[in-house]
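Engineer: Quick one, fold the following:
(2 chains)
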Amino acid sequence: MRYPFRAAFQSLYHDRWINLLSVLSMATALMIIATAVISLYNIDLFSKKLPEKFSMVLYLKDNISEADREDIITAIKKKGIVKTVRYISKEEALKELRSSLREADYILEGLKENPLPASIEVRLKKEAVSPESVAKLVSFLKGLKGIEDMQYGENFLISLNSIKRGLETMGLVITSIMVIGTIFISYSTVKILFYRRKEEIETLKLLGATTGFIRTPFLIEGGILGFAGGLISAIFLLLFYYIVFARLGSTIPLLRSVVFYPSMAFPIPFAGLILGILGAQVAIGRIKY
Amino acid sequence: MIAFQDVSKFYDTNTALRNITLKIEKGEMAFITGPSGAGKSTLLKLIYAAERPDSGRVTVGEWESDRLKESDIPFLRRSIGIVFQDFRLLYNMNVYDNVALSLRVRRVSERDIKPIVLDVLKLVNLRHKVDSFPSALSGGEQQRVVIARAVAGEPFILLADEPTGNLDPDTATGIMRIFREINAKGTTILIATHNRELFRSTGMRVLRLDSGSIVEEMRG
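Structural biologist: A predicted model of the protein is given here:
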(Lines give C-alpha, C1' and ligand atoms only; values in the text may rest on other atoms or scores of the structure.)
Protein backbone atom coordinates (compact mmCIF):
# COMPACT_ATOMS: atom_id res chain seq x y z
CA MET A 1 0.00 0.00 0.00
CA ARG A 2 1.29 3.44 -0.75
CA TYR A 3 2.62 5.47 2.15
CA PRO A 4 -0.12 8.16 2.52
CA PHE A 5 -2.88 5.54 2.67
CA ARG A 6 -0.94 3.38 5.09
CA ALA A 7 -0.23 6.38 7.31
CA ALA A 8 -3.90 7.38 7.19
CA PHE A 9 -5.14 3.91 8.10
CA GLN A 10 -2.57 3.56 10.88
CA SER A 11 -3.73 6.80 12.40
CA LEU A 12 -7.39 5.91 11.97
CA TYR A 13 -6.76 2.67 13.82
CA HIS A 14 -4.54 4.22 16.45
CA ASP A 15 -7.19 6.77 17.46
CA ARG A 16 -10.13 4.54 16.62
CA TRP A 17 -12.43 5.68 19.43
CA ILE A 18 -12.21 9.38 18.73
CA ASN A 19 -12.56 8.54 15.03
CA LEU A 20 -15.63 6.41 15.63
CA LEU A 21 -17.20 9.27 17.53
CA SER A 22 -16.45 11.64 14.67
CA VAL A 23 -17.91 9.23 12.15
CA LEU A 24 -21.13 8.96 14.17
CA SER A 25 -21.39 12.73 14.59
CA MET A 26 -20.85 13.19 10.88
CA ALA A 27 -23.43 10.49 10.14
CA THR A 28 -25.97 12.35 12.28
CA ALA A 29 -25.25 15.68 10.63
CA LEU A 30 -25.36 14.16 7.15
CA MET A 31 -28.66 12.45 7.97
CA ILE A 32 -30.14 15.79 9.01
CA ILE A 33 -28.87 17.34 5.78
CA ALA A 34 -30.32 14.51 3.71
CA THR A 35 -33.65 14.75 5.52
CA ALA A 36 -33.77 18.51 5.00
CA VAL A 37 -32.91 18.18 1.31
CA ILE A 38 -35.46 15.41 0.74
CA SER A 39 -38.09 17.46 2.62
CA LEU A 40 -37.32 20.49 0.46
CA TYR A 41 -37.66 18.35 -2.63
CA ASN A 42 -41.02 17.05 -1.45
CA ILE A 43 -42.30 20.50 -0.53
CA ASP A 44 -41.28 21.73 -3.93
CA LEU A 45 -42.94 18.79 -5.66
CA PHE A 46 -46.09 19.23 -3.59
CA SER A 47 -46.38 22.96 -4.18
CA LYS A 48 -45.90 22.42 -7.91
CA LYS A 49 -48.78 19.97 -8.03
CA LEU A 50 -51.22 22.18 -6.15
CA PRO A 51 -51.82 24.84 -8.83
CA GLU A 52 -53.13 22.10 -11.12
CA LYS A 53 -56.05 21.86 -8.79
CA PHE A 54 -56.45 25.59 -8.51
CA SER A 55 -59.53 26.99 -10.21
CA MET A 56 -61.74 30.07 -10.01
CA VAL A 57 -65.48 30.04 -10.20
CA LEU A 58 -67.37 33.12 -11.43
CA TYR A 59 -71.07 33.16 -10.53
CA LEU A 60 -73.14 34.94 -13.12
CA LYS A 61 -76.12 37.16 -12.48
CA ASP A 62 -79.38 35.40 -13.23
CA ASN A 63 -80.53 38.03 -15.67
CA ILE A 64 -77.40 38.06 -17.78
CA SER A 65 -77.94 37.97 -21.52
CA GLU A 66 -76.40 35.35 -23.68
CA ALA A 67 -74.39 37.96 -25.56
CA ASP A 68 -72.94 39.44 -22.36
CA ARG A 69 -72.06 35.98 -21.18
CA GLU A 70 -70.22 35.20 -24.42
CA ASP A 71 -68.38 38.53 -24.13
CA ILE A 72 -67.16 37.61 -20.66
CA ILE A 73 -65.95 34.18 -21.80
CA THR A 74 -64.11 35.64 -24.79
CA ALA A 75 -62.50 38.32 -22.64
CA ILE A 76 -61.28 35.75 -20.11
CA LYS A 77 -60.00 33.43 -22.82
CA LYS A 78 -57.80 36.24 -24.14
CA LYS A 79 -55.89 36.39 -20.85
CA GLY A 80 -52.48 34.74 -21.14
CA ILE A 81 -52.58 32.96 -17.80
CA VAL A 82 -55.90 31.24 -18.46
CA LYS A 83 -55.78 27.61 -19.49
CA THR A 84 -59.43 26.57 -19.83
CA VAL A 85 -62.79 28.27 -19.47
CA ARG A 86 -65.91 26.20 -18.92
CA TYR A 87 -69.44 27.51 -18.83
CA ILE A 88 -71.75 25.74 -16.39
CA SER A 89 -75.42 26.52 -16.90
CA LYS A 90 -77.95 26.56 -14.06
CA GLU A 91 -79.24 23.19 -15.22
CA GLU A 92 -75.81 21.64 -15.40
CA ALA A 93 -75.00 22.97 -11.95
CA LEU A 94 -78.10 21.29 -10.54
CA LYS A 95 -77.25 18.06 -12.30
CA GLU A 96 -73.76 18.12 -10.86
CA LEU A 97 -75.13 18.79 -7.42
CA ARG A 98 -77.62 15.95 -7.75
CA SER A 99 -74.95 13.51 -8.82
CA SER A 100 -72.66 14.54 -6.02
CA LEU A 101 -75.48 14.10 -3.48
CA ARG A 102 -76.25 10.61 -4.82
CA GLU A 103 -78.85 8.95 -2.62
CA ALA A 104 -79.28 12.10 -0.59
CA ASP A 105 -80.72 13.97 -3.58
CA TYR A 106 -84.19 13.83 -2.02
CA ILE A 107 -83.31 17.07 -0.21
CA LEU A 108 -83.61 18.81 -3.55
CA GLU A 109 -87.11 17.51 -4.15
CA GLY A 110 -88.97 20.32 -2.47
CA LEU A 111 -87.40 22.98 -4.67
CA LYS A 112 -89.80 24.82 -6.94
CA GLU A 113 -87.13 26.44 -9.03
CA ASN A 114 -83.40 25.99 -9.60
CA PRO A 115 -81.63 28.11 -6.96
CA LEU A 116 -78.18 27.60 -8.41
CA PRO A 117 -76.56 30.32 -10.46
CA ALA A 118 -74.88 29.74 -13.77
CA SER A 119 -71.13 29.94 -13.48
CA ILE A 120 -67.88 30.00 -15.37
CA GLU A 121 -65.04 27.82 -14.21
CA VAL A 122 -61.60 29.18 -15.00
CA ARG A 123 -58.48 27.09 -14.76
CA LEU A 124 -55.10 28.76 -14.88
CA LYS A 125 -51.87 27.59 -16.42
CA LYS A 126 -50.00 26.05 -13.49
CA GLU A 127 -46.80 27.99 -14.06
CA ALA A 128 -48.81 31.22 -13.91
CA VAL A 129 -50.42 30.62 -10.55
CA SER A 130 -49.11 33.13 -8.03
CA PRO A 131 -50.86 35.47 -5.60
CA GLU A 132 -49.89 38.42 -7.81
CA SER A 133 -51.13 37.03 -11.12
CA VAL A 134 -54.38 35.87 -9.52
CA ALA A 135 -54.93 39.28 -7.91
CA LYS A 136 -54.42 40.94 -11.28
CA LEU A 137 -56.93 38.66 -12.95
CA VAL A 138 -59.39 39.20 -10.12
CA SER A 139 -59.31 42.96 -10.47
CA PHE A 140 -59.84 42.56 -14.21
CA LEU A 141 -62.81 40.28 -13.66
CA LYS A 142 -64.31 42.66 -11.13
CA GLY A 143 -64.47 45.25 -13.87
CA LEU A 144 -66.65 42.99 -16.02
CA LYS A 145 -70.41 43.35 -15.98
CA GLY A 146 -72.67 40.42 -15.21
CA ILE A 147 -70.56 38.72 -12.58
CA GLU A 148 -72.37 38.31 -9.30
CA ASP A 149 -69.63 36.76 -7.21
CA MET A 150 -66.30 35.04 -7.43
CA GLN A 151 -64.77 32.19 -5.55
CA TYR A 152 -61.12 31.47 -5.59
CA GLY A 153 -58.70 30.28 -2.98
CA GLU A 154 -57.08 33.63 -2.40
CA ASN A 155 -56.14 33.04 1.20
CA PHE A 156 -55.24 29.48 0.42
CA LEU A 157 -52.94 30.64 -2.34
CA ILE A 158 -51.22 33.26 -0.21
CA SER A 159 -50.73 30.93 2.73
CA LEU A 160 -49.52 28.14 0.47
CA ASN A 161 -46.90 30.46 -0.90
CA SER A 162 -45.76 31.75 2.46
CA ILE A 163 -45.65 28.25 3.92
CA LYS A 164 -43.59 27.12 0.96
CA ARG A 165 -41.19 30.03 1.36
CA GLY A 166 -40.96 29.51 5.10
CA LEU A 167 -40.19 25.84 4.75
CA GLU A 168 -37.65 26.52 2.03
CA THR A 169 -35.87 29.08 4.19
CA MET A 170 -35.92 26.73 7.15
CA GLY A 171 -34.60 23.87 5.03
CA LEU A 172 -31.82 26.02 3.65
CA VAL A 173 -30.85 27.25 7.10
CA ILE A 174 -30.81 23.72 8.52
CA THR A 175 -28.83 22.43 5.54
CA SER A 176 -26.28 25.25 5.78
CA ILE A 177 -25.83 24.81 9.53
CA MET A 178 -25.38 21.07 9.13
CA VAL A 179 -22.94 21.47 6.24
CA ILE A 180 -20.85 23.78 8.40
CA GLY A 181 -21.31 21.36 11.30
CA THR A 182 -20.02 18.44 9.25
CA ILE A 183 -17.01 20.42 8.09
CA PHE A 184 -16.38 21.45 11.68
CA ILE A 185 -16.50 17.88 12.97
CA SER A 186 -13.97 16.82 10.37
CA TYR A 187 -11.97 19.97 11.18
CA SER A 188 -11.79 19.30 14.90
CA THR A 189 -11.06 15.59 14.46
CA VAL A 190 -8.23 16.19 12.06
CA LYS A 191 -6.98 19.10 14.18
CA ILE A 192 -6.70 16.79 17.19
CA LEU A 193 -4.93 14.12 15.12
CA PHE A 194 -2.72 16.84 13.67
CA TYR A 195 -1.73 18.12 17.12
CA ARG A 196 -1.09 14.61 18.35
CA ARG A 197 1.28 14.08 15.48
CA LYS A 198 2.93 17.48 15.70
CA GLU A 199 6.29 15.92 16.55
CA GLU A 200 6.00 13.49 13.68
CA ILE A 201 5.17 16.33 11.31
CA GLU A 202 8.16 18.34 12.54
CA THR A 203 10.38 15.32 11.91
CA LEU A 204 8.90 14.82 8.44
CA LYS A 205 9.64 18.46 7.62
CA LEU A 206 13.24 18.05 8.72
CA LEU A 207 13.58 14.93 6.59
CA GLY A 208 12.60 16.92 3.52
CA ALA A 209 8.91 16.07 3.17
CA THR A 210 6.91 18.41 0.96
CA THR A 211 3.67 19.95 2.25
CA GLY A 212 1.80 17.58 -0.05
CA PHE A 213 3.47 14.57 1.52
CA ILE A 214 2.55 15.76 5.02
CA ARG A 215 -0.95 16.84 4.09
CA THR A 216 -2.13 13.86 2.04
CA PRO A 217 -2.58 11.32 4.87
CA PHE A 218 -4.68 13.83 6.82
CA LEU A 219 -6.86 14.59 3.81
CA ILE A 220 -7.32 10.86 3.28
CA GLU A 221 -8.28 10.49 6.94
CA GLY A 222 -10.80 13.33 6.73
CA GLY A 223 -12.19 11.87 3.52
CA ILE A 224 -12.53 8.38 5.01
CA LEU A 225 -14.22 9.75 8.15
CA GLY A 226 -16.68 11.72 6.00
CA PHE A 227 -17.32 8.84 3.64
CA ALA A 228 -17.92 6.41 6.52
CA GLY A 229 -20.26 8.93 8.17
CA GLY A 230 -22.12 9.32 4.89
CA LEU A 231 -22.36 5.57 4.42
CA ILE A 232 -23.86 5.07 7.87
CA SER A 233 -26.28 7.93 7.32
CA ALA A 234 -27.35 6.52 3.93
CA ILE A 235 -27.92 3.06 5.39
CA PHE A 236 -29.95 4.48 8.27
CA LEU A 237 -31.99 6.60 5.92
CA LEU A 238 -32.84 3.62 3.74
CA LEU A 239 -33.65 1.45 6.76
CA PHE A 240 -35.78 4.24 8.20
CA TYR A 241 -37.66 4.64 4.94
CA TYR A 242 -38.27 0.97 4.33
CA ILE A 243 -39.11 0.02 7.88
CA VAL A 244 -40.88 3.04 9.34
CA PHE A 245 -42.51 4.48 6.23
CA ALA A 246 -43.55 1.15 4.82
CA ARG A 247 -45.15 0.12 8.12
CA LEU A 248 -46.81 3.41 8.95
CA GLY A 249 -47.81 4.18 5.38
CA SER A 250 -50.98 2.15 5.71
CA THR A 251 -52.09 4.04 8.82
CA ILE A 252 -50.83 7.52 7.95
CA PRO A 253 -51.76 8.20 4.31
CA LEU A 254 -49.68 11.41 4.21
CA LEU A 255 -46.50 9.29 4.49
CA ARG A 256 -47.45 7.47 1.30
CA SER A 257 -47.26 10.69 -0.67
CA VAL A 258 -43.64 11.30 0.39
CA VAL A 259 -41.44 10.92 -2.65
CA PHE A 260 -38.18 9.10 -1.91
CA TYR A 261 -36.07 7.04 -4.23
CA PRO A 262 -33.35 4.78 -2.81
CA SER A 263 -30.97 6.41 -5.30
CA MET A 264 -31.35 9.62 -3.28
CA ALA A 265 -29.17 8.02 -0.61
CA PHE A 266 -26.26 7.33 -2.97
CA PRO A 267 -24.79 10.84 -3.05
CA ILE A 268 -24.65 11.07 0.78
CA PRO A 269 -21.35 9.18 1.26
CA PHE A 270 -19.79 11.30 -1.47
CA ALA A 271 -21.07 14.50 0.11
CA GLY A 272 -19.49 13.23 3.35
CA LEU A 273 -16.23 12.53 1.54
CA ILE A 274 -16.05 16.06 0.16
CA LEU A 275 -17.03 17.71 3.46
CA GLY A 276 -14.52 15.53 5.33
CA ILE A 277 -11.67 16.47 3.01
CA LEU A 278 -12.71 20.13 3.24
CA GLY A 279 -12.66 20.04 7.04
CA ALA A 280 -9.25 18.33 7.07
CA GLN A 281 -7.90 20.90 4.64
CA VAL A 282 -9.01 23.75 6.90
CA ALA A 283 -7.62 21.98 9.97
CA ILE A 284 -4.14 21.52 8.51
CA GLY A 285 -4.04 25.07 7.20
CA ARG A 286 -0.78 26.29 5.76
CA ILE A 287 2.24 24.17 6.60
CA LYS A 288 5.21 26.37 7.38
CA TYR A 289 8.84 25.36 7.40
CA MET B 1 29.80 22.91 0.07
CA ILE B 2 28.70 25.14 2.96
CA ALA B 3 29.53 28.85 3.11
CA PHE B 4 28.55 31.62 5.52
CA GLN B 5 29.19 35.16 4.37
CA ASP B 6 29.00 37.72 7.14
CA VAL B 7 25.94 36.05 8.63
CA SER B 8 24.15 37.47 11.67
CA LYS B 9 21.10 36.16 13.45
CA PHE B 10 19.17 37.81 16.26
CA TYR B 11 16.45 36.49 18.51
CA ASP B 12 14.49 39.55 19.58
CA THR B 13 17.32 41.72 20.90
CA ASN B 14 19.71 38.86 21.69
CA THR B 15 22.44 38.15 19.23
CA ALA B 16 22.62 34.46 18.40
CA LEU B 17 25.28 34.79 15.71
CA ARG B 18 27.36 37.82 14.75
CA ASN B 19 29.15 38.29 11.42
CA ILE B 20 29.97 34.66 10.84
CA THR B 21 32.05 33.86 7.80
CA LEU B 22 33.13 30.31 7.24
CA LYS B 23 33.52 27.66 4.61
CA ILE B 24 33.21 23.90 4.87
CA GLU B 25 34.73 22.14 1.91
CA LYS B 26 33.23 19.22 0.05
CA GLY B 27 34.15 15.95 1.76
CA GLU B 28 35.40 17.72 4.89
CA MET B 29 34.57 16.63 8.41
CA ALA B 30 34.60 19.56 10.83
CA PHE B 31 33.46 20.39 14.35
CA ILE B 32 31.80 23.39 15.92
CA THR B 33 32.36 23.66 19.62
CA GLY B 34 31.71 26.11 22.40
CA PRO B 35 29.63 26.42 25.54
CA SER B 36 25.85 26.10 25.64
CA GLY B 37 24.18 29.13 24.10
CA ALA B 38 27.22 29.98 21.99
CA GLY B 39 25.13 29.64 18.83
CA LYS B 40 26.07 26.13 17.66
CA SER B 41 22.50 24.97 17.11
CA THR B 42 21.54 28.24 15.43
CA LEU B 43 24.42 27.82 13.02
CA LEU B 44 23.20 24.33 12.08
CA LYS B 45 19.60 25.55 11.79
CA LEU B 46 20.72 28.21 9.31
CA ILE B 47 22.19 25.45 7.18
CA TYR B 48 18.98 23.38 7.02
CA ALA B 49 16.85 26.53 6.77
CA ALA B 50 14.97 26.12 10.03
CA GLU B 51 16.17 29.68 10.55
CA ARG B 52 16.91 32.44 8.05
CA PRO B 53 19.82 34.85 8.49
CA ASP B 54 18.94 38.42 9.45
CA SER B 55 21.91 39.59 7.42
CA GLY B 56 24.53 37.95 5.25
CA ARG B 57 24.12 34.85 3.13
CA VAL B 58 24.24 31.13 3.74
CA THR B 59 25.11 28.94 0.76
CA VAL B 60 24.49 25.20 0.88
CA GLY B 61 25.44 23.43 -2.33
CA GLU B 62 23.41 25.19 -5.02
CA TRP B 63 21.02 26.81 -2.52
CA GLU B 64 21.45 30.42 -1.45
CA SER B 65 19.54 31.65 1.59
CA ASP B 66 18.51 34.97 0.04
CA ARG B 67 16.97 33.27 -2.97
CA LEU B 68 15.54 30.26 -1.17
CA LYS B 69 11.76 29.99 -1.48
CA GLU B 70 9.74 28.16 1.15
CA SER B 71 8.82 25.53 -1.42
CA ASP B 72 12.56 24.88 -2.00
CA ILE B 73 13.18 23.96 1.64
CA PRO B 74 12.12 20.28 1.40
CA PHE B 75 14.50 19.82 -1.52
CA LEU B 76 17.34 21.59 0.28
CA ARG B 77 16.77 19.31 3.27
CA ARG B 78 16.93 16.20 1.11
CA SER B 79 20.56 17.05 0.39
CA ILE B 80 21.21 17.24 4.15
CA GLY B 81 21.03 14.44 6.69
CA ILE B 82 20.44 15.59 10.24
CA VAL B 83 21.33 13.77 13.47
CA PHE B 84 19.59 15.19 16.52
CA GLN B 85 20.58 15.00 20.15
CA ASP B 86 16.99 14.04 21.05
CA PHE B 87 16.84 11.51 18.17
CA ARG B 88 13.41 12.55 16.85
CA LEU B 89 12.49 8.97 16.05
CA LEU B 90 8.85 8.03 15.57
CA TYR B 91 7.98 5.70 18.39
CA ASN B 92 4.91 4.21 16.73
CA MET B 93 7.08 2.84 13.91
CA ASN B 94 9.70 0.12 13.96
CA VAL B 95 13.34 0.65 13.02
CA TYR B 96 12.74 -0.27 9.40
CA ASP B 97 9.94 2.24 8.94
CA ASN B 98 11.84 4.97 10.76
CA VAL B 99 14.76 4.63 8.38
CA ALA B 100 12.49 4.12 5.36
CA LEU B 101 10.68 7.38 6.16
CA SER B 102 13.55 9.49 4.86
CA LEU B 103 13.30 7.59 1.57
CA ARG B 104 9.51 7.75 1.45
CA VAL B 105 9.57 11.54 1.71
CA ARG B 106 11.83 11.41 -1.34
CA ARG B 107 9.18 9.28 -3.05
CA VAL B 108 11.53 6.35 -3.53
CA SER B 109 9.54 3.24 -4.47
CA GLU B 110 9.01 0.62 -1.76
CA ARG B 111 10.88 -1.93 -3.84
CA ASP B 112 13.99 0.24 -3.92
CA ILE B 113 13.66 1.25 -0.27
CA LYS B 114 14.19 -2.20 1.21
CA PRO B 115 17.79 -2.88 0.09
CA ILE B 116 18.86 0.67 1.01
CA VAL B 117 17.40 0.43 4.52
CA LEU B 118 19.04 -2.94 5.16
CA ASP B 119 22.29 -1.57 3.82
CA VAL B 120 22.42 1.50 6.06
CA LEU B 121 21.34 -0.58 9.05
CA LYS B 122 24.33 -2.81 8.38
CA LEU B 123 26.54 0.27 8.34
CA VAL B 124 25.41 1.22 11.87
CA ASN B 125 25.46 -2.44 12.92
CA LEU B 126 21.73 -2.70 13.63
CA ARG B 127 20.67 -5.09 10.91
CA HIS B 128 19.35 -7.50 13.58
CA LYS B 129 17.10 -4.81 15.12
CA VAL B 130 15.21 -4.06 11.93
CA ASP B 131 11.82 -5.07 13.41
CA SER B 132 12.38 -3.57 16.87
CA PHE B 133 10.61 -0.46 18.05
CA PRO B 134 12.75 2.49 19.21
CA SER B 135 11.49 2.21 22.78
CA ALA B 136 13.10 -1.23 23.01
CA LEU B 137 16.52 0.12 22.00
CA SER B 138 19.29 1.66 24.09
CA GLY B 139 20.27 5.33 23.65
CA GLY B 140 23.28 4.40 21.56
CA GLU B 141 21.20 2.11 19.36
CA GLN B 142 18.56 4.80 18.88
CA GLN B 143 21.24 7.27 17.84
CA ARG B 144 22.55 4.77 15.32
CA VAL B 145 19.04 4.43 13.87
CA VAL B 146 18.96 8.21 13.55
CA ILE B 147 22.30 8.14 11.72
CA ALA B 148 21.04 5.37 9.44
CA ARG B 149 17.94 7.45 8.70
CA ALA B 150 20.09 10.54 8.03
CA VAL B 151 22.38 8.79 5.53
CA ALA B 152 19.78 6.57 3.83
CA GLY B 153 18.87 9.29 1.34
CA GLU B 154 22.56 9.73 0.41
CA PRO B 155 22.81 13.40 1.39
CA PHE B 156 25.86 15.46 0.44
CA ILE B 157 26.02 16.87 3.93
CA LEU B 158 25.51 15.31 7.33
CA LEU B 159 24.79 17.64 10.25
CA ALA B 160 24.92 16.41 13.83
CA ASP B 161 23.82 18.47 16.82
CA GLU B 162 25.37 17.06 20.02
CA PRO B 163 25.13 13.52 18.59
CA THR B 164 26.65 11.97 21.70
CA GLY B 165 25.05 14.28 24.24
CA ASN B 166 23.02 11.55 25.86
CA LEU B 167 25.49 8.70 25.43
CA ASP B 168 28.23 7.15 27.54
CA PRO B 169 31.85 7.59 26.35
CA ASP B 170 32.23 4.09 24.85
CA THR B 171 29.03 4.42 22.88
CA ALA B 172 30.12 7.90 21.79
CA THR B 173 33.35 6.48 20.41
CA GLY B 174 31.34 3.95 18.41
CA ILE B 175 29.16 6.73 16.98
CA MET B 176 32.23 8.74 15.97
CA ARG B 177 33.64 5.73 14.19
CA ILE B 178 30.48 5.50 12.12
CA PHE B 179 30.73 9.21 11.25
CA ARG B 180 34.29 8.72 10.03
CA GLU B 181 33.19 5.79 7.89
CA ILE B 182 30.46 7.89 6.32
CA ASN B 183 32.91 10.75 5.77
CA ALA B 184 35.32 8.38 4.12
CA LYS B 185 32.67 7.73 1.46
CA GLY B 186 32.71 11.43 0.58
CA THR B 187 29.92 12.92 2.69
CA THR B 188 30.63 16.34 4.17
CA ILE B 189 30.05 16.25 7.93
CA LEU B 190 29.59 19.06 10.41
CA ILE B 191 29.27 18.15 14.07
CA ALA B 192 28.26 20.58 16.80
CA THR B 193 29.43 19.46 20.22
CA HIS B 194 30.65 20.81 23.51
CA ASN B 195 32.47 17.53 24.15
CA ARG B 196 36.19 18.06 23.39
CA GLU B 197 36.83 14.30 23.56
CA LEU B 198 35.04 13.86 20.23
CA PHE B 199 37.60 15.80 18.19
CA ARG B 200 40.72 15.35 20.31
CA SER B 201 43.58 14.05 18.18
CA THR B 202 41.45 13.66 15.07
CA GLY B 203 43.43 16.29 13.16
CA MET B 204 40.16 17.72 11.89
CA ARG B 205 39.14 21.36 11.76
CA VAL B 206 37.43 22.73 14.87
CA LEU B 207 35.65 26.11 15.03
CA ARG B 208 35.11 27.46 18.51
CA LEU B 209 32.06 29.67 18.97
CA ASP B 210 31.47 31.97 21.88
CA SER B 211 28.60 34.43 22.27
CA GLY B 212 27.72 34.13 18.59
CA SER B 213 31.19 34.71 17.15
CA ILE B 214 33.93 32.38 15.94
CA VAL B 215 36.68 32.99 18.47
CA GLU B 216 39.11 30.30 17.46
CA GLU B 217 39.87 27.95 14.59
CA MET B 218 42.10 25.01 15.33
CA ARG B 219 42.90 21.40 14.52
CA GLY B 220 41.66 18.66 16.80
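Engineer: packing partners for the helix or strand harbouring residue B:100?
Structural biologist: Taking DSSP states H and E as the criterion, residue B:100 maps to helix B:95-104. Contact here means 3 or more CB pairs under 8 Å, 6 or more residues apart in numbering or on different chains; DSSP states H and E; on that basis helix B:95-104 packs against helix B:110-123, helix B:139-152. Every residue, glycine included, has its C-beta placed from N, CA and C.
Engineer: Quick one: residues in contact with it.
Structural biologist: Identification of contacts with helix B:95-104 by CB atoms under 8 Å, 6 or more residues apart in numbering or on different chains yields A:3, A:203-204, A:207-208, A:213, B:81, B:89-90, B:93, B:112-113, B:116-117, B:120-121, B:126, B:129-134, B:137, B:145, B:148-150, B:152-153.
Engineer: Which of the helices or strands spans the spatially most central residue of chain B?
Structural biologist: Geometric centre of chain B, nearest residue: residue B:159, 1.7 Å, by CA atoms, centre = their mean. Residue B:159 belongs to strand B:157-161 when assigned by DSSP H and E.
Engineer: tell me which parts of the stretch 51-200 of chain A are close to chain B?
Structural biologist: A:199, A:200 (CB under 8 Å from any CB of the partner chain).
Engineer: Report the secondary structure element holding the residue in the stretch 51-200 of chain A that chain B sits nearest to.
Structural biologist: Minimum separation of the stretch 51-200 of chain A from chain B (CB to the nearest CB) falls at residue A:200, amounting to 5.5 Å. Taking DSSP H and E as the definition, residue A:200 sits inside helix A:198-206.
Engineer: what mean pLDDT does that helix have?
Structural biologist: The average of the pLDDT scores along helix A:198-206 is 91.
Engineer: cool, and stretch A:280-289?
Structural biologist: Here the average pLDDT along stretch A:280-289 is 87.
Engineer: Give me the buried positions along that stretch.
Structural biologist: For stretch A:280-289, burial by neighbour count (16 or more other CB atoms under 10 Å in any protein chain shown) applies to A:280, A:281, A:283, A:284, A:287, A:289.
Engineer: Please enumerate residues in contact with stretch A:92-99?
Structural biologist: Under CB under 8 Å, 6+ apart, the answer for stretch A:92-99 is A:88, A:105, A:108, A:114, A:116, A:117, A:118, A:119.
Engineer: can you pick the most crowded of these?
Structural biologist: residue A:119 (23 neighbours; other CB atoms under 10 Å in any protein chain shown).
Engineer: what bridges to that residue?
Structural biologist: residue A:59, residue A:88 (DSSP bridges).
Engineer: tell me the pLDDT at it?
Structural biologist: For residue A:119, the predicted pLDDT is 89.
Engineer: Close to chain A: what parts of chain B are there?
Structural biologist: Close to chain A, as judged by CB under 8 Å from any CB, chain B has residues B:48-50, B:70-71, B:73-78, B:80, B:82, B:88-90, B:92, B:101-102, B:104-107, B:149, B:153.
Engineer: pLDDT of the stretch of helix or strand residue A:150 belongs to, averaged?
Structural biologist: For residue A:150, the element it lies in under DSSP H and E is strand A:147-151. Regarding strand A:147-151, the rounded mean pLDDT is 84.
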